[in-house]
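Novice: Dropping the sequence and predicted coords here.
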Amino acid sequence: MWRLKTIGLAALAVVLLSCVTVNVYFPAAAADSAAKTIVRDVLGEERAAPEAPSEQSPEQGSRLGLAVTRVAAAILGLIVPPAQAGANLDINTPAITAVRVSLKRRQAQLQPYFDTGALGLTRDALVGIRDAAAIPLKDRNRVKKLVADENRDRNTLYREIARANGHLEWERDIRNTFSRVWVEESPAGIWYQDAGGQWKHK
């Protein structure tokens, strides 16, 4: 009888493994957490991230079932790309750190123009001049340069996060994540573009 159970469990493991599609998916939750860490730091609102709930160990089954489970898990570990199981994105490379410092230093210069509505957050996670008339004429060239420098840094940030994690194809998803998080973490009153490019007031 135990041989039949062994064969049955082994067959089940093979069937389950055959259904596995090797696909390195974009880690949306990890990207959201990374974006919030960076945006809060830049805006001066860094907060401690909540601790992830600890996983409870599964109930122990029979020794036979546990052995089959371990074998299946080991095989899955070999065929499923490591990035698929990763819980975090690397945001601590020298290039990313340098960009974060640059963004944080510039924020105080940009904030007054966000407050007046002259600047807003674009749908592609950049900064746009929404109302040039709200910028004093003597300051317009300086503000244009600030915006250009800001957007250069933001573009670099999204690209470097994708590069640091070995998936350049994630850059668009990372940008989309930051686009949402910039709006969520910014104070009420800021202007931002919706998915259709229309300006809205938070």
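Specialist: Arrived safely.

Novice: Helices of the protein, residue ranges please.
Specialist: Under the criterion DSSP state H, the chain carries helices at the ranges 2-18, 28-43, 63-79, 82-85, 94-115, 140-164, 171-185.

Novice: which regions of the chain sit below the pLDDT cut-off?
Specialist: Within the chain, the stretches with pLDDT under 70 are 1-23, 45-87.

Novice: and with 50 instead?
Specialist: The chain contains residues with pLDDT under 50 at 2, 4, 6-7, 9-18, 20-22, 46-62, 64-69, 71-86.

Novice: Setting aside sequence neighbours, what's the nearest residue to residue 121?
Specialist: The spatially closest residue to residue 121, leaving aside those adjacent along the chain, is residue 192, at 4.1 Å (Cβ to Cβ, 6 or more residues apart in numbering). For glycine as for every other residue, the C-beta is placed from the backbone atoms N, C-alpha and C.

Novice: Show the contacting residues for that neighbour.
Specialist: The contact partners of residue 192, by Cβ atoms under 8 Å, 6 or more residues apart in numbering, come to 120-123, 182-183, 186, 199-200, 202.

Novice: Could you do residue 171 as well?
Specialist: If a contact means Cβ under 8 Å, 6+ apart, then residue 171 has 158-159, 161-162 as its contacts.
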